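> A structural model of the following input is requested.
(chains A, B and C)
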Amino acid sequence: MRPLVIYNHRMNYINKFQNQLLNWYRQKARELPWRSDPSPYKVWISEAMLQQTRVETVIPYFNRFVDEIPSVESLAEVEDERLFKLWQGLGYYRRATYLKKAAQAIVKEYNGHLPVSINELKSLPGIGAYTAGAIASIAFNIPVPAVDGNVLRVMARVNADQGNIRNPEVKKRIEELVITLIPTNNAGDFNQALMDLGAGICLPNGTPKCNECPVKEFCKAYSKGLVSTIPVKSDKKERKMLEKTILTVWWNGRMAIRKRESKGLLANLWELPNYEGFLSKEQCVLILEQLGFTVTDITTMKNARHIFTHIEWVMKGYSISVEGEGNLSDWKWVTDEEIRGIYSIPTAFQAFFPSS
DNA sequence: AACTCGGGGCA
DNA sequence: TGCCCAGAGTT
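From the prediction side, this is the model:
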């Protein structure tokens, strides 16, 4: 009898945790575009966009994207230029490349339908442990965990886990904990409830709203007074500063852009011509002359700064008018309208555009 | 295990 | 300014 009693106690604990979390979610769930129609395709697109990106940022991108590219098949065939344009400003641009690659694989190997199994999902480019779990649970209601940054924080507090949440071991530990709690019949709502809880109540940096938390009676960090010290997170690496000179070069009413290389930062996106270091007007004029142009005007623009995760660009800019033929191979002369409608140019350069 | 890869919002 | 965000892939 004894093991059965313990078993029942454990079941009651789990049921109560599930019920209180799910009841809270039924009342407080955020209304989000991908929640009104959680088709596998829309869930997938939303999860890809949401990687390291806030919900509020994603919403307009998601709406535009699924409106213009409504299916796996259309995604598999979309022009790269158009794909990147739809992603412009969202960051982590290889996610867009992964989406198209995965769509092509889904058409070829799964007849255009997203696979249901975690392992098959994870085999697709851009779909890792979290995203596979999110798609499987939200789109297919399969009881698997989907541990993102929110869930890591929430469950580290619930279990008073003082491990460094950047440590993969700690993440695995928390995944195992979620597995013991996840309901067999309502996994999608359960996972999304944990994320909403993290986004709205169980906030980072020691400022959670514990009085509003539906599961505070289960939270060991709350009962032990450790909420402000959990989760533990190791320090990030320091950012390096990089000085650059950005050129907006005008020729016959058009502006010069060029394509970035296919690897590394902002791969395959378009950029304004730019050079390492702070160049003087004279140095810029010399560069343009060596390219075969005659400089008719050059003015200094306002300095700008762009902060990436691990680099910071400090940028000096010049607006330059040129005449002549030039002898360039990798510059492209484009109009304002083409820049707005066609070419994907990352945010780092926006400060040097006339539209901004 | 450590790096790389964007951009924005908020204290 | 620093931190964090519905992370994934490479080395």
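> show me where the stretch 51-200 of chain A has helices.
Secondary structure of the stretch 51-200 of chain A, counting by DSSP state H, counting those that start in this stretch: helices at A:55-68, A:72-77, A:80-87, A:94-110, A:118-122, A:129-140, A:149-158, A:168-181, A:187-200.
> what is the worst-scoring helix or strand of chain A on mean pLDDT packed up against?
The weakest-scoring helix or strand in chain A, judged by mean pLDDT, DSSP states H and E, is helix A:2-28 (a mean of 83). Packed against helix A:2-28 by the contact rule (3 or more C-beta pairs under 8 Å, 6 or more residues apart in numbering; DSSP states H and E) you find helix A:168-181, helix A:187-200. Where C-beta positions appear, they are placed from N, C-alpha and C, glycine not excepted.
> winner for burial among the ones you listed?
The highest mean neighbour count among those, using mean count of other C-beta atoms under 10 Å, belongs to helix A:187-200: a mean of 22.
> which elements pack onto that helix?
In this structure, helix A:187-200 packs against helix A:2-28, helix A:129-140, helix A:149-158, with contacts taken as 3+ C-beta pairs under 8 Å, 6+ apart.
> give the contact list for the residue in the stretch 51-200 of chain A that DNA strand B sits nearest to.
Of the residues in the stretch 51-200 of chain A, the one nearest DNA strand B is A:Gly91, at a distance of 2.6 Å by C-beta to the nearest atom of the strand. By C-beta atoms under 8 Å, 6 or more residues apart in numbering, the contact list for A:Gly91 reads A:Gln52, A:Thr53, A:Thr347.
> neighbours of the second one, just the number please.
Spelled out, it's A:Thr53. 15 (other C-beta atoms under 10 Å).
> which pLDDT value belongs to it?
Confidence at A:Thr53, expressed as pLDDT, is 98.
> cool, and the last one?
A:Thr347 is assigned 97 on the pLDDT scale.
> residues contacting the residue in the stretch 251-356 of chain A positioned nearest to DNA strand C?
As assessed by C-beta to the nearest atom of the strand, DNA strand C sits closest to A:Thr309 within the stretch 251-356 of chain A, at 6.3 Å. By C-beta under 8 Å, 6+ apart, the residues touching A:Thr309 are A:Arg239.
> over to it. Which of the three states is it?
Assigned by DSSP: H, G, I helix; E, B strand; the rest coil, the conformation of A:Thr309 is coil.
> phi and psi next, for it.
Backbone geometry at A:Thr309, expressed as degrees, to the nearest 10, gives phi -60, psi -40.
> can you pull the contacts of A:Thr248?
A:Met255, A:Ala256, A:Leu272, A:Met301, A:Gly317, A:Tyr318, A:Ser319, A:Ile320, A:Phe352, A:Phe353, A:Pro354.
> please, a ChimeraX command that selects the buried ones among these?
To isolate the buried ones among those in ChimeraX, judged by 16 or more other C-beta atoms under 10 Å, type:
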select /A:255,256,272,301,317,318,319,320,352
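> what about the contacts of A:Thr248, which are in strands?
The strands, defined by DSSP state E, take in A:Met255, A:Ala256, A:Gly317, A:Tyr318, A:Ser319, A:Ile320 from those.
> list the buried residues for the host helix or strand of A:Lys244?
Applying DSSP states H and E as the criterion places A:Lys244 in strand A:240-251. In terms of neighbour count (16+ other C-beta under 10 Å), strand A:240-251 has its buried residues at A:Lys244, A:Thr245, A:Ile246, A:Leu247, A:Thr248, A:Val249, A:Trp250, A:Trp251.
> please see if it touches DNA strand C.
No - if you take C-beta under 7 Å from any atom of the strand as the test, strand A:240-251 misses DNA strand C, and the best it gets is 10.7 Å.
> output the buried residues of strand A:240-251 in TSV; the columns should cover pLDDT.
Below are the buried residues of strand A:240-251 laid out as TSV (pLDDT from 0 to 100):
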residue	pLDDT
A:Lys244	97
A:Thr245	98
A:Ile246	98
A:Leu247	97
A:Thr248	97
A:Val249	97
A:Trp250	97
A:Trp251	96
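> thanks a lot, see you next time.
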